[in-house]
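Student: model this:
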Amino acid sequence: MLSLFSATLLLLASLSHTTLADQLPLSSSTLIGSIPHLGFGTWNLKVSHSNTSDAVSAAIQAGYRHIDCAAAYGNQKDVGRGIKEGMKKVGLKREDLWITSKLWNDQYGFTSFVKGVGWPADVEEGLNETLRELGMDYLDLYLMHWPVGNAPDGTLDYDYVQ
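Tutor: Numbering: from 1, shown residues only. Predicted structure coming up:
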């Protein structure tokens, strides 16, 4: 089944107008470098722990150099294992990949921010948890997953500035 998955990854890459190796230079490319045109998303990869790790490893072996993950997907530990396995099999270093993750709503702290407490610590805690789960020292890009915070009672807080 993994070979079918690998073949599907290669087929999808060959059908697009870009290749897995194509890079988009960033405006300050001398300092930051470039981001791969195509990325491998890890949403809904949770059939099993090994399935997730195997899929991410296969993506790296197939040529993907951008892995997109998020705390909300609940699979970052398995994604991290797959990244390590894929890098080992292909002979890559961490700096050869672009890793993106996302901060989930319950750590934006919009309500706390408006009141002047907690917000930076919530974001830093979310980032540190993501780094621990992935087993990495850094991310190349860290995004707000969805720009809506959670209110203290758990409901969505659409009113950012009260």
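Student: Which residues are in contact with Lys102?
Tutor: Residues near Lys102 by CB atoms under 8 Å, 6 or more residues apart in numbering: Cys69, Ala70, Ala71, Ala72, Tyr142, Leu143, Met144, His145. All C-beta atoms are positioned from the backbone trio N, CA, C, and that covers glycine.
Student: number of nearby residues for Leu139?
Tutor: 17 (other CB atoms under 10 Å).
Student: What of the one 3 residues further on?
Tutor: A count of neighbours around Tyr142, defined by other CB under 10 Å, yields 16.
Student: Over to Trp43?
Tutor: 11.
Student: can you tell me the helix or strand for it?
Tutor: Assigned by DSSP states H and E, Trp43 belongs to no helix or strand.
Student: so what's the backbone phi/psi at the closest residue to it other than its chain neighbours?
Tutor: With sequence-adjacent residues excluded and distances taken as CB to CB, 6 or more residues apart in numbering, Trp43 is closest to Tyr73, at 5.3 Å. Per-residue torsions, Tyr73: phi -70, psi -20 (degrees, to the nearest 10).
Student: same deal with Thr100?
Tutor: Phi and psi for Thr100, reported as degrees, to the nearest 10, are phi -110, psi 140.
Student: was I right about it contacting Met136?
Tutor: No. The pair formed by Thr100 and Met136 falls short of the contact definition of CB atoms under 8 Å, at 11.7 Å.
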